[in-house]
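Asker: generate coordinates for the sequence data below:
(one chain, ligands or ions: 1)
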Amino acid sequence: MGSCAEKGSEEIHKLLKRTLKERGLAKLKVRACTSSCLDVCWNGPSVSVQPDGYFYGPVTLEDIPEIVDAFEKGERVERLVLAGNDFIDPKMLARQKKRDQAGV
Ligand code: FES
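Answerer: Presented below is the predicted three-dimensional model:
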């Protein structure tokens, strides 16, 4: 179990599944499956939306209705979409910055 589980990913998954079912989107339009670590733990809990090819993070229980609304409309919740440096571990960025400052 990765760090997303420690931040409530299991409850988020359950609520996402339940909300999709209640809205009639489950199985035919949107499937909410679990996975192992998506390698963006620093932005977890994360959700990979496929085949559309984007990630949401960090996702909270409060975000689920808005995410499902967006699925219904065929839209994205832009404020939650990960981009660019969101996929780079901030610890690695900090180490690189130290090296750059030291001229290494
Ligand atoms: S455990 Fe969720 S992205 Fe790593």
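Asker: near the ligand, which residues of the chain show up?
Answerer: 2-4, 37-41, 44, 46 (C-beta under 6 Å from any ligand atom). Glycine gets a C-beta too; all of them are placed from N, C-alpha and C.
Asker: look up the closest residue to D89, ignoring the ones flanking it.
Answerer: W42 (6.0 Å; C-beta to C-beta, 6 or more residues apart in numbering).
Asker: three-state assignment of the one you found?
Answerer: Secondary structure, DSSP: H, G, I helix; E, B strand; the rest coil: W42 is helix.
Asker: can you tell me how far it is from V104?
Answerer: Counting by C-beta to C-beta, to the nearest Å, the gap from W42 to V104 is 24 Å.
Asker: okay, these two: which has more neighbours?
Answerer: W42 (17 against 7; other C-beta atoms under 10 Å).
Asker: what's the closest non-adjacent residue to the residue nearest the centre of the chain?
Answerer: The residue lying closest to the centre of the chain (C-alpha atoms, centre = their mean) is S46, at 2.3 Å. In space, and not counting its chain neighbours, S46 is closest to G57: 3.8 Å by C-beta to C-beta, 6+ apart.
Asker: what's near enough to touch that neighbour?
Answerer: Counting by C-beta atoms under 8 Å, 6 or more residues apart in numbering, G57 makes contact with 40, 43-47, 80, 82, 86.
Asker: return a PyMOL selection command for the buried portion of the residues you listed.
Answerer: Buried subset of the contacts of G57, written as a PyMOL selection, criterion 16 or more other C-beta atoms under 10 Å:
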select buried, resi 40+43+44+45+46+47+80+82
